[in-house]
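K.L.:
coords please:
(one chain, ligands or ions: 2)
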Amino acid sequence: MAYFPFFIDLDQKPGLVVGGGPVAARKIRTLLPYGPRLTVCAPSVLPELEALPGLAVRKEPFSPDLLEGAFFVIAATDDRELNRRIAGLCRARNLPVNVADPGTESTFLFPSVVQRGPMTIGISTGGTSPTAAHVLKEQIEGLLPGNLEEILLWMDGMREELKGSPLPQPKRSACLSRLFAAALQAGGPLSREEIQPLLSLETEELP
Ligand SMILES: C[C@@]1(CC(=O)O)C2=NC(=C\c3[nH]c(c(CCC(=O)O)c3CC(=O)O)Cc3[nH]c(c(CC(=O)O)c3CCC(=O)O)/C=C3\N/C(=C\2)[C@@H](CCC(=O)O)[C@]3(C)CC(=O)O)/[C@H]1CCC(=O)O
Ligand SMILES: NC(=O)c1ccc[n+]([C@@H]2O[C@H](COP(=O)([O-])OP(=O)(O)OC[C@H]3O[C@@H](n4cnc5c(N)ncnc54)[C@H](O)[C@@H]3O)[C@@H](O)[C@H]2O)c1
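P.N.:
Ligands and ions are numbered 1, 2, ... in the order given. Purely as a prediction, here's the structure:
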């Protein structure tokens, strides 16, 4: 069964990562741009993690009191039995938990992520092939223009502008599609002169 990609606001949300090896480090690096308040707990933590700003490091073995107040938990130790126990404790508390081992203990899967400013693409193969998720991510990254973030912020402005126009919704939507396609082709936001003819295609048909 495929997994559904809810997109969750993690800004300032407390997250606990148990384990401080390469797998935990990869997940932490993916998460940090989304603004969570992360704590990593492990007796031994990679030096690259200790140097990360915005990450609280507790060099100690896992204890259940660390789950207090957590919004989500990642169990990525090399002790499968411990990971399974953490998953059980989280499930009992209705706390979303991701486990880096084979099996069905996770209540959410960790996707391969493509991020460009406000846009995120999450890829999951439902756990069948993390390698495939990684390769697909690289292919998708190759399809996206480098300045997609700039184009998206410009689209946000155009959307606001069109909300104030007399165009009915379907025409606004057609207009926005045309503007986005043109910006992708031009390789960046359009100038006022370039925008005008695309807008008038819709407005000239107004009564
Ligand atoms: C996407 C990504 C996100 C991340 O973790 O950052 C991710 N794994 C990545 C890479 C990767 N992982 C592994 C390899 C080695 C090759 C291989 O074995 O295939 C590679 C490839 C590499 O390293 O290039 C080994 C592996 N992974 C899992 C197991 C256990 C098992 O089989 O269930 C084992 C065997 C462990 C062992 O037996 O020792 C399990 C999971 N890995 C997931 C996510 C979840 C499902 C995602 C989905 O639905 O597709 C899930 C279920 C749970 C979870 O961890 O959330 C990240 C790519 C990031 C990126 O590049 O963008
Ligand atoms: N999901 C994936 O993508 C993926 C990929 C490869 C491996 N794995 C699995 O993930 C696990 C972790 O991989 P790794 O390479 O980061 O392992 P690692 O051995 O490098 O690191 C293990 C970490 O767990 C910590 N740990 C051990 N006991 C602990 C305890 N009681 N409390 C808190 N922390 C404790 C260690 O201090 C260390 O920081 C492996 O067991 C492997 O099976 C998952």
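
K.L.:
ok, and the closest non-adjacent residue to Pro189?
P.N.:
On the basis of CB to CB, 6 or more residues apart in numbering, the spatially nearest residue to Pro189 that is not a chain neighbour turns out to be Trp154, at 3.7 Å. C-beta: built from backbone N, CA, C; applies to glycine.

K.L.:
next up, the contacts around that neighbour.
P.N.:
With CB atoms under 8 Å, 6 or more residues apart in numbering as the criterion, the residues that contact Trp154 are Ala183, Pro189, Leu190.

K.L.:
so is the last one in a helix, a strand, or just coil?
P.N.:
For Leu190, the secondary structure call by DSSP: H, G, I helix; E, B strand; the rest coil comes out as coil.

K.L.:
what separation do you get for it and Arg159?
P.N.:
Leu190 is 14 Å from Arg159, where distance means CB to CB, to the nearest Å.

K.L.:
please apply the same query to Glu138.
P.N.:
Glu138 sits at a distance of 30 Å from Arg159 (criterion: CB to CB).

K.L.:
show me where the chain dips below the pLDDT cut-off.
P.N.:
With pLDDT under 70 as the threshold, the chain has low-confidence stretches at 202-207.

K.L.:
partners of the residue most central in space within the chain in the sheet?
P.N.:
Averaging the C-alpha coordinates of the chain gives a centre point, and the residue nearest to it by CA atoms, centre = their mean is Thr120 (5.1 Å). Going by DSSP bridges, Thr120 is paired in beta bridges with Gln115.

K.L.:
neighbour count: Leu190 and Arg159, which is higher?
P.N.:
Per other CB atoms under 10 Å, whichever of Leu190 and Arg159 has more neighbours is Leu190, with 18 against 14.

K.L.:
surely that one and Phe180 touch.
P.N.:
No - using CB atoms under 8 Å, Leu190 and Phe180 do not qualify as a contacting pair, with a distance of 10.0 Å.

K.L.:
thinking again about what came up before, ok, the residue nearest to the centre of the chain touching Lys137?
P.N.:
No - Thr120 is not in contact with Lys137 according to CB under 8 Å; the separation is 11.6 Å.

K.L.:
identify the contacts common to these two.
P.N.:
Taking CB under 8 Å, 6+ apart as the contact criterion, the residues that touch both Thr120 and Lys137 are Val113, Val114.

K.L.:
no further queries at this time; thank you.
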